[in-house]
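J.: here is a sequence together with a model predicted from it:
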Amino acid sequence: MARKKPDASDADIVLKLYDLRREKVMRDSRNAIFGFTPKTWDEMTAVLQPDHPLNAAFRQVSSYYEMAYGLARHGAVDAELLAESTVEGLVLYAKVRPFLARLRAEQSPFAFANAEWMVKKSKHAKARFALIQERVRKQGTPAKEEPVPKAKKTKDEAKG
């Protein structure tokens, strides 16, 4: 999976990503999202509404980690090193994972694609995600995925 042995440039990127996490707005957003644990589809989609108090924080944190994981996905930083160095993005991914299929079908077809890639391709991310997922389930996030509602047939389709 790894493109090469991690080197100083990989370390530099990981350290820069860490430093960006410390920026005030990002830190505030991370703190706000820490308590976000959707238990239902309605709770999950509520945060996507522009007037929801956590909307800006959710967008900032989710896009930040999608960007970071995208760097790994495209070889700009070693995925294993990144997975060893950060866990928050996987926590958020675990919280939305039960709703992901429906979220992609109804809202955003590419939602959390890079986080999903990390968990599938990085042995460190996969191992951490298994532990995180269990902790998140104990907080009340559903263990099973939210089903994607079947599209209603139009009158013409129903007639055959």
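T.: Great, that's in hand. Numbers count the residues shown, from 1 in each chain.
J.: point to the residue nearest the middle of this protein.
T.: With the centre of the chain defined as its mean C-alpha position, the nearest residue by C-alpha atoms, centre = their mean is Tyr93, 3.2 Å away.
J.: does it really touch Lys126, like I thought?
T.: No: with contacts defined as C-beta atoms under 8 Å, Tyr93 does not count as touching Lys126, sitting 11.9 Å away. Heads up, the C-betas are built off the backbone N, CA and C, glycines and all.
J.: who touches both of these two?
T.: When contacts are counted by C-beta atoms under 8 Å, 6 or more residues apart in numbering, Tyr93 and Lys126 are jointly contacted by Val119.
J.: point out where this protein drops to low pLDDT.
T.: Scanning the chain with the threshold set as pLDDT under 70 gives 1-3, 151-160.
J.: and the helices in it?
T.: Taking DSSP state H as the test, the helices found in the chain are 8-21, 24-34, 41-46, 55-73, 79-85, 88-96, 100-106, 113-121, 123-138, 155-159.
J.: same list (those helices) but as CSV, adding distance to Lys144.
T.: CSV is the format used below for these (distance: least, C-beta to C-beta, whole Å):
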stretch, distance to Lys144
helix 8-21, 32
helix 24-34, 23
helix 41-46, 12
helix 55-73, 22
helix 79-85, 26
helix 88-96, 14
helix 100-106, 11
helix 113-121, 17
helix 123-138, 10
helix 155-159, 29
